[in-house]
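>>> What shape does this take:
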Amino acid sequence: MIDTTFISSQFLVEQLCSVLITGFEINDKDRPILSRYLIRCVEICWKMGVQEKPLQLDIEAEKKDGLERIFDAEKFRAYTKTGKKIDYVVWPALFLHEGGPILSKGIAQGC
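Next up, the predicted model:
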């Protein structure tokens, strides 16, 4: 039996990548390598999102409504500066699911 879910998700990934890659000015020499990289990134993100409980990225670590966020060493490692507050996020923290255990600490610039 053919797994139609897999085939349709592959089709959607390829279509999304096609749209994304045309939005950038990329020279012909770099296009194949960047296309493969982009396809792999989108595949991984797609798989993270279609789990029974989707993996969760902590993307709300920066300032929100003018309020600064406290640097949480349980969720983030310092980039080049430490501090009590987050200046910006270099890489988000990854959780098994919303409210779940952390899989990988993020990286943030302290201030």
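>>> Might one say that Tyr79 is in contact with Gly106?
No: using Cβ atoms under 8 Å, Tyr79 makes no contact with Gly106, being 9.8 Å away. Any C-beta I mention is one placed from the backbone N, CA and C, and that applies to glycine too.
>>> residues making contact with the helix or strand bottoming out on mean pLDDT in the chain?
Among the helices and strands of the chain, helix 4-22 carries the lowest confidence by mean pLDDT, DSSP states H and E, at a mean of 75. Residues from elsewhere that reach helix 4-22 (Cβ atoms under 8 Å, 6 or more residues apart in numbering): 31, 34-35, 38-39, 42-43, 46, 50.
>>> Check stretch 48-67 too.
Residues contacting stretch 48-67 (Cβ under 8 Å, 6+ apart): 9, 69, 75-76, 86, 88-89, 92-100, 103, 106, 108.
>>> now with 10 Å?
Here stretch 48-67 makes contact (Cβ atoms under 10 Å, 6 or more residues apart in numbering) with 5, 9, 44-45, 47, 68-72, 75-76, 85-89, 91-100, 102-106, 108-109.
>>> ok, of those, which come out buried?
Buried by 16 or more other Cβ atoms under 10 Å: 69, 71, 75-76, 86-87, 89, 92-95, 105-106, 108-109, out of the contacts of stretch 48-67.
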